[in-house]
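Novice: here's a sequence, model it:
(one chain, ligands or ions: 1)
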Amino acid sequence: MYGYHGRFLKVDLEAKTTEDMPLSEVDLKKYIGGATLAAALIYNYIEKDMDPLSPKSPLVFSTGPLTGSPIPMVSRYAVCGISPLTGYWGEATSGGAFPFRLKGAGYDGVFITGRAEGPVYLYLENGSAQIKDARHLWGQDIYETQKVLKSQIEATTFSTACIGQAGERQIRYASIMNDRGRAAGRCGLGALMGSKNLKAVVVSGGMKPGSSDKEKVKALAKEAVSTIRGNLISVALREYGTLFYMDMAMALGDVPAKYFSKSVFPAEKISGQALRQAYTVENYACMGCPIGCGREVKNFRKDLDRVDGPEYETVGAFGPLCMNFDLDSIVEANHLCNAHGLDTISAGVSIAYAMYLYEKGILTRDRAGMEIKWGNGNTVVRLVEMIVKQEGIGELLSRGTLEMAKELGRDPDEAAQVKGMEMPMHEGRAFHGMAVSYATGPRGACHLKGDYYNVDLGGTVPELNIFPGDRLASEGKAEPAAKYQSLKDLYDALTLCKFAPLSVTQICQILSAITGWEMSPADLLSAGDRSVNLKRAISNKLGLTREEDRLPKVCMDTLKEGGSAGKAPDMDLLLKEYYNFRGWDWETGKPSKEKLIELGLSHVADDLYP
Ligand code: SF4
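Specialist: Presented below is the predicted three-dimensional model:
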């Protein structure tokens, strides 16, 4: 078997046991790896109405066949389980050195169940595993946790993924952080980790699975580096990080402002260039990446000399969505979220919703215990602190927008979320392909599983017949958006960075050279379709129906200004075309029996249609 160790580590924290979990080549070929393989492993453990935070609920860390190979932009991993935020399928990915070292530890992934009696961490090194005491780490932020572990662990090179206070408190949108400030941010999987009393996973080692054709892999890696270096977006990412897109996005009406009621704002105050002018900014790269889209802010404050810089999504959520253009407060809010392990998107959208409710007089000063006015950066920072501690009004905000709406007796259509997960900082009104991706995405509103704005801005995938079209048109958009969603879903099986500008043909060649399997673009698309349908079936099993494939009204009302003025996606048309293409049942929202069988998921078909 090439590209894999052929085993996960299976951990039962309650029984305090670790054992090998062998993987068959048939399953690896079918599910590839990463989040898709995790979904296949998790499927059999899921029970209807399973509490995501119950000891039985699995938590999986997973790498892919490309992880640890010489191919650039592949040091990524997926964390998966039932999302504590949505109650449905949950996954988040991150990059850094952790994925490379997890593979180096001799496992393709880790499958964890049970709840430890007290705080523990997992230590994996060169094919062996130990469950260790972490009482001394509980209550520490993620930077301190990594610092303490560095002083205690003998191995010279290791990486840590851990939770902060937010995960320990099981806040519904807590993240898992690795390699200082890299975040597996969405879906609240930090809360799932916290519910298991698992503070950290530490990985070390140099075990590498071989490749089927080493020389070919080397040649393809060289070609990939040259493709990446010659790509315009790669250059922009290197220069300004993901924030390079802020000015252009505002011009297109792609950035929500004032809690989705505006789209025009002074973007120059919070752009990638503004960040570089305000601070000393340095690049950070995941292992083996020639781009380095990560930012480090060096001279932030006397007591905080070096902090991880904010990404586009974070600046959008704490910035224009709250009408806050004070960069210092955005950098500080980002730092607090990172330090305590909190998803910046859900935190920012929840704060913006509180500002919206405060303006309407629904959330009063008495109830909130403070003023929550638009545009106040200090308020944004203060509310992040209160969310982490679940203190005062922070407790309500820590539940996310849907629960906030329910608690305050508001129409759920006012909560900017899909299936309970807060909307990211791209507008379905500006790109109708995004709207259908948000409504149907495997984990709720997700800008990464179907970043269709990239297609309508010129990104073609000729091998799959995906070409740019009118970004403000709904008709005919669902089919290419669904195909693109399947393709991007597969990136999280391969564990390939979504910014990698590689063609589908290059990806097929790389996968074949590593694993020895012949893979055509059509096979790749089919694997992506299988992945999307499998995750959908997990959510169906947990109670998901078609009624939840929708965008809230607050994100659909037409705007009077900006790049999407007067336009809104035709969701009925988009969803009908999408369901038709996918072969999903319009009544139940489930993949049809025939579709599941066609994708080689007969066991799922038997389960969903007893
Ligand atoms: S582009 Fe950014 S996220 Fe992707 S591999 Fe490079 S540094 Fe990591």
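Novice: can you give me phi and psi for the closest residue to Leu122 other than its chain neighbours?
Specialist: For Leu122, ignoring the flanking residues on the chain, the nearest one in space by Cβ to Cβ, 6 or more residues apart in numbering is Val201 at 4.7 Å. Using the backbone N, CA and C atoms, a C-beta is placed for each residue, glycine as well. Dihedral pair for Val201: phi -120, psi 120, per degrees, to the nearest 10.
Novice: Val201 reaches Phe61, doesn't it?
Specialist: Yes: with contact defined as Cβ atoms under 8 Å, Val201 and Phe61 form a contacting pair (6.3 Å).
Novice: compare neighbour counts for these two and give me the winner.
Specialist: Phe61 (30 against 27; other Cβ atoms under 10 Å).
Novice: I'd say Thr145 and Ala200 touch.
Specialist: Yes: taking Cβ under 8 Å as the definition, Thr145 is a contact partner of Ala200 at 6.2 Å.
Novice: what is in contact with these two at once?
Specialist: Between them, Thr145 and Ala200 share these contacting residues under Cβ atoms under 8 Å, 6 or more residues apart in numbering: Leu137, Thr160, Cys162.
Novice: and Met1, what's its pLDDT?
Specialist: Per-residue pLDDT puts Met1 at 89.
Novice: before we move on, what about Leu487?
Specialist: Confidence at Leu487, expressed as pLDDT, is 97.
Novice: next, the closest residue to it other than its chain neighbours: phi, psi?
Specialist: Nearest residue to Leu487, sequence neighbours excluded (Cβ to Cβ, 6+ apart): Gly528, at 5.3 Å. Phi and psi for Gly528, reported as degrees, to the nearest 10, are phi -70, psi -40.
Novice: rewinding a little: let me have the shared contacts of Thr145 and Ala200 in CSV, extended by secondary structure, neighbour count and distance to Ala92.
Specialist: CSV is the format used below for the shared contacts of Thr145 and Ala200 (DSSP: H, G, I helix; E, B strand; the rest coil; neighbours: other Cβ atoms under 10 Å; distance: Cβ to Cβ, whole Å):
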residue, secondary structure, neighbour count, distance to Ala92
Leu137, coil, 22, 21
Thr160, strand, 27, 16
Cys162, strand, 27, 14
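Novice: can you tell me which residues in the stretch 201-350 of the chain are near the ligand?
Specialist: Residues of the stretch 201-350 of the chain found near the ligand (Cβ under 6 Å from any ligand atom) are Leu237, Ala285, Cys286, Cys289, Ile291, Gly292, Cys293, Gly294.
Novice: let me fix that: the chain
Specialist: Met73, Gly95, Leu237, Ala285, Cys286, Cys289, Ile291, Gly292, Cys293, Gly294, Cys497, Phe499.
Novice: ok, now how distant is the residue nearest to Leu122 from Ala184?
Specialist: From Val201 across to Ala184, the span is 11 Å (Cβ to Cβ, to the nearest Å).
Novice: give me the common contacts of these two.
Specialist: Common neighbours of Val201 and Ala184 (Cβ under 8 Å, 6+ apart) are Ala161.
Novice: returning to what we had before: buried only: go through the residues of the chain next to the ligand for me.
Specialist: With neighbours counted by 16 or more other Cβ atoms under 10 Å, the residues of the chain next to the ligand contain buried members at Met73, Gly95, Leu237, Ala285, Cys286, Cys289, Ile291, Cys293, Gly294, Cys497, Phe499.
Novice: residues in contact with the fourth one?
Specialist: Neighbour list for Ala285: Ile291, Gly292, Cys293, Gly294 [criterion: Cβ under 8 Å, 6+ apart].
Novice: how about the nearest residue to the spatially most central residue of the chain, chain neighbours excluded?
Specialist: Centre of the chain computed as the mean C-alpha position; nearest residue by Cα atoms, centre = their mean is Ala92, 3.7 Å away. The shortest distance from Ala92 to any non-neighbouring residue, by Cβ to Cβ, 6+ apart, is to Ala184 (3.8 Å).
Novice: in the sheet, who's paired with that neighbour?
Specialist: Following DSSP bridges, Ala184 is listed with bridge partners Ile176.
Novice: how near is it to Lys147?
Specialist: According to Cβ to Cβ, Ala184 stands 20 Å off from Lys147.
Novice: spatially nearest residue to the residue of the stretch 101-250 of the chain found nearest the ligand (excluding sequence neighbours)?
Specialist: Closest to the ligand within the stretch 101-250 of the chain is Leu237: 5.8 Å, counting by Cβ to the nearest ligand atom. What sits nearest to Leu237 in space, not counting adjacent residues and going by Cβ to Cβ, 6+ apart, is Cys293, at 4.3 Å.
Novice: quick one: contacts for that neighbour?
Specialist: Taking Cβ under 8 Å, 6+ apart, we find Cys293 in contact with Leu237, Arg238, Gly241, Thr242, Asn283, Ala285, Phe499.
Novice: and with 6 Å instead?
Specialist: Contacts for Cys293 (Cβ atoms under 6 Å, 6 or more residues apart in numbering) come out as Leu237, Gly241, Thr242.
Novice: just the closest of the residues you listed to Met519, please.
Specialist: The shortest approach to Met519 among these belongs to Leu237, at 27.3 Å (Cβ to Cβ).
Novice: does that closest one touch Gly292 like I think?
Specialist: No: using Cβ atoms under 6 Å, Leu237 makes no contact with Gly292, being 8.1 Å away.
Novice: for the ligand, see how far away Pro266 is.
Specialist: 27 Å (Cβ to the nearest ligand atom, to the nearest Å).
Novice: and the residue nearest to that residue when sequence neighbours are not counted, how far from Leu357?
Specialist: Leaving aside its chain neighbours, Pro266 sits nearest to Phe325 (5.9 Å; criterion: Cβ to Cβ, 6+ apart). For Phe325, the distance to Leu357 (Cβ to Cβ) stands at 21 Å.
Novice: compare those two (neighbour count), which wins?
Specialist: Per other Cβ under 10 Å, whichever of Phe325 and Leu357 has more neighbours is Leu357, with 21 against 18.
Novice: might you report the residue contacts of the more buried one?
Specialist: Leu357 makes contacts with Leu363, as judged by Cβ under 6 Å, 6+ apart.
Novice: how about 8 Å then?
Specialist: Contact analysis of Leu357 by Cβ under 8 Å, 6+ apart lists Leu363, Met404, Leu408, Arg410.
Novice: domains in this protein, by residue range?
Specialist: For the chain, automatic domain parsing gives the domain ranges 7-204, 215-409, 422-608.
Novice: endpoints of the first one, how far apart?
Specialist: Okay, so that is domain 7-204. Terminal residues of domain 7-204 lie 16 Å apart, using Cα to Cα, to the nearest Å.
Novice: tell me the mean pLDDT over that domain?
Specialist: Mean pLDDT, computed over domain 7-204, is 97.
Novice: what are the phi and psi values at the residue nearest to the centre of the chain?
Specialist: Dihedral angles (degrees, to the nearest 10) for Ala92: phi -150, psi 150.
Novice: hey, what's it bridged with?
Specialist: Assessed by DSSP bridges, Ala92 has beta-bridge partners Val79.
Novice: that one touches Ala191, doesn't it?
Specialist: No: Ala92 is beyond contact range of Ala191, at 11.7 Å (criterion: Cβ under 8 Å).
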